[in-house]
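Trainee: Give me a model of this one.
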Amino acid sequence: MIKRVAVPKDRLPIIIGKSGLVKKEIETKTQTQIEVDEDVTIKGEGVGILEAENIVKAISRGFTPSQAMQLLEEDRALYIIQLPKERKSLTRIRARLIGKNGQAKKNIERLTRSGIAVQGKTVSIIGTYENAGYAMGAIERLMRGDRHATVYKYLEDLNARDKID
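Mentor: Residues are numbered from 1 along each chain as shown. Model (predicted):
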């Protein structure tokens, strides 16, 4: 089986890593072969190819290789949310999601125990299926225009009820 993944040019060196170490690690852990040109081609079988594809997608969306490798854990998921394409809306929503000095993003990461990357016209989340789902809900609320305090309160209430672990 062969999968091709489009990757922004500035993220290709990160997928390769210093002396090819990141690429080799992905290949070893997923039992696949990876070729990096203008895009990334993954060759392999079964679950390994899907795992490698998710790791490459995560790195291309702004996560570090070590964050992306968390996707090898059985209970981890990668969610990618498309942001509006219209420039004015995109700028406003990205600012709301990141917050002053990155504080909004950090708060959601802390409260959901998930990783968040805002890259281009997407927001990506890595976490357990449940926690990443809560982070996605929080992000969608902020995109809709809910107040930051309201979203944080919602997440704090989930934490108090032991919904987020």
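Trainee: any idea which element residue 54 lies in?
Mentor: If you go by DSSP states H and E, residue 54 is part of helix 46-60.
Trainee: quick one: the following helix or strand past that helix to chain centroid distance?
Mentor: Using DSSP H and E, the helix or strand that follows helix 46-60 towards the C-terminus is helix 65-69. Taking C-alpha atoms, centre = their mean, to the nearest Å, one finds helix 65-69 lying 10 Å from the centre of the chain it belongs to.
Trainee: Can you name the residues in contact with helix 65-69?
Mentor: 14-15, 17, 22, 25-26, 29, 54-56, 58-59, 115, 117, 126 (C-beta atoms under 8 Å, 6 or more residues apart in numbering). (Glycine included, C-beta is placed from N, CA and C.)
Trainee: same thing with stretch 37-44?
Mentor: 1-7, 9, 12, 15, 30-35, 49, 52-53, 56, 60.
Trainee: top of the contacts of helix 65-69 by neighbour count?
Mentor: With neighbours taken as other C-beta atoms under 10 Å, the top of these is residue 55, carrying 29 neighbours.
Trainee: Out of the contacts of stretch 37-44, name the ones that lie in strands.
Mentor: Those of these mapping onto strands are 2-5, 33-35, per DSSP state E.
Trainee: Reformat those as TSV; add distance to residue 74 and neighbour count.
Mentor: What follows is the ones in strands among the contacts of stretch 37-44, written out as TSV (distance: C-beta to C-beta, whole Å; neighbours: other C-beta atoms under 10 Å):
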residue	distance to residue 74	neighbour count
2	25	10
3	20	16
4	26	13
5	22	18
33	23	14
34	22	23
35	27	12
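Trainee: for these, which one is nearest residue 103?
Mentor: Nearest to residue 103 among the ones in strands among the contacts of stretch 37-44, counting by C-beta to C-beta, is residue 5 at 31.7 Å.
Trainee: my read: that closest one touches residue 59, true?
Mentor: No. Contact criterion C-beta atoms under 8 Å: residue 5 and residue 59 do not qualify, at 9.7 Å.
Trainee: who's in contact with residue 71?
Mentor: Counting by C-beta under 8 Å, 6+ apart, residue 71 has contacts 51, 54-55, 58, 77-78, 126.
Trainee: Distance check, the residue lying closest to residue 58 once chain neighbours are set aside against residue 103.
Mentor: Among residues not flanking residue 58 along the chain, residue 68 sits closest, at 3.7 Å (C-beta to C-beta, 6 or more residues apart in numbering). Counting by C-beta to C-beta, to the nearest Å, the gap from residue 68 to residue 103 is 24 Å.
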